[in-house]
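turn this into a structure:
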Amino acid sequence: MLEGVRRREPRALEAFFEAYFDRVFGLVYRLLGHRAGAEDVTQEVFYKVHRAAERLDIERDPMPWLAAIAHNACRDYWRSSAYRLGRRSASLEAEPMLQGTLAAPGDPEREALAAERERLVRQALLELPEEVRSPIVLHDYQGLSHEEIAGMLGIRHDAARKRYSRALAALATRLREKME
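Numbers count the residues shown, from 1 in each chain. You can find the predicted model right below:
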């Protein structure tokens with residue numbers, strides 16, 4: 001399939017889109033925090049993939065390459081006036097950014113506590129500046145290694161680990177503020 005993507009074969013591109021859409025959309029959605037923007041940016045990511053298909057390394061997992069394109073597309077979006085206008089009017093409670101639950105099913109009290117915890121983390125994460133939010137989303141929610149993140153951002157491995165550590169500290173500070 002990847003060789004076909006490099007040659008821009010329609011069937012290979014379609015299969016690639018089907019195989020990676022959910023993961024790219026999930027990353028973009030977690031970075032942006034709202035569905036409409038995530039849909040637009042995800043579409044832009046796959047347009048960029050089509051334009052840069054000849055640069056796809058068929059010997060490697062394409063997800064880090066896709067994540068780099070997605071992260072750069074999100075940065076472009078954050079710089080846009082559409083993002084700034086939407087951010088002023090968007091509600092953090094409008095839609096859940098992070099899926100999944102921390103509680104065991106069947107225990108309503110634990111489920112309620114887990115849902116509240118998830119809401120607080122989601123809200124605190126969205127309040128972080130984009131450059132601080134990105135390392136957490138890329139590592140914890142997308143499963144990228146610090147080395148992969150460093151490659152995406154054009155920084156050294158130790159710098160990526162340090163950014164992640166600082167991002168977690170900033171998130172912890174936000175969460176403590178919310179608990180007070």
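
quick one, domains of this protein?
Taking automatic domain parsing as the domain assignment, the record places the domains of the chain at 1-91, 102-180.

any regions of this protein where pLDDT drops low?
Per-residue confidence for the chain (pLDDT under 70) gives these ranges: 81-106.

quick one: the helices in it?
2-6, 10-32, 35-51, 63-79, 81-89, 108-127, 130-136, 146-153, 157-179 (DSSP state H).

got those as TSV, with distance to Asp57 and mean neighbour count columns?
(Glycine included, C-beta is placed from N, CA and C.) Putting those into TSV (distance: least, C-beta to C-beta, whole Å; neighbours: other C-beta atoms under 10 Å) gives the following:
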stretch	distance to Asp57	mean neighbour count
helix 2-6	8	16
helix 10-32	14	18
helix 35-51	13	17
helix 63-79	7	19
helix 81-89	31	11
helix 108-127	31	15
helix 130-136	23	20
helix 146-153	12	19
helix 157-179	19	15
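
separation between the residue nearest the centre of the chain and Asp140?
Relative to the mean C-alpha position of the chain, the nearest C-alpha, by C-alpha atoms, centre = their mean, is the one of Leu27, at 2.7 Å. From Leu27 over to Asp140 the distance is 12 Å, taken as C-beta to C-beta, to the nearest Å.

Arg35 now?
For Arg35, the distance to Asp140 - C-beta to C-beta - is 21 Å.

burial of Gly33, as a residue count?
One way to gauge burial is a neighbour count; for Gly33, by other C-beta atoms under 10 Å, it gives 24.

okay, stretch 141-148 in CSV with CA atoms only?
Coordinates of each C-alpha in stretch 141-148 appear next as CSV, following Å, rounded to 0.1, in the frame of the first residue of the first chain:
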residue,chain,number,x,y,z
TYR,A,141,-2.7,10.1,23.8
GLN,A,142,-1.0,9.3,20.5
GLY,A,143,1.7,7.0,22.0
LEU,A,144,4.6,8.6,20.2
SER,A,145,8.0,8.2,21.8
HIS,A,146,10.1,11.2,22.9
GLU,A,147,12.5,10.4,20.1
GLU,A,148,9.6,10.6,17.6
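
surely Glu54 is in contact with Arg6?
Yes: checked against C-beta atoms under 8 Å, the pair Glu54 and Arg6 is within contact range at 5.7 Å.

list the contacts for the residue nearest to the centre of the chain?
Listed by C-beta atoms under 8 Å, 6 or more residues apart in numbering, the contact partners of Leu27 are Ala67, Ala70, His71, Val137, Leu138, Tyr141, Gln142.
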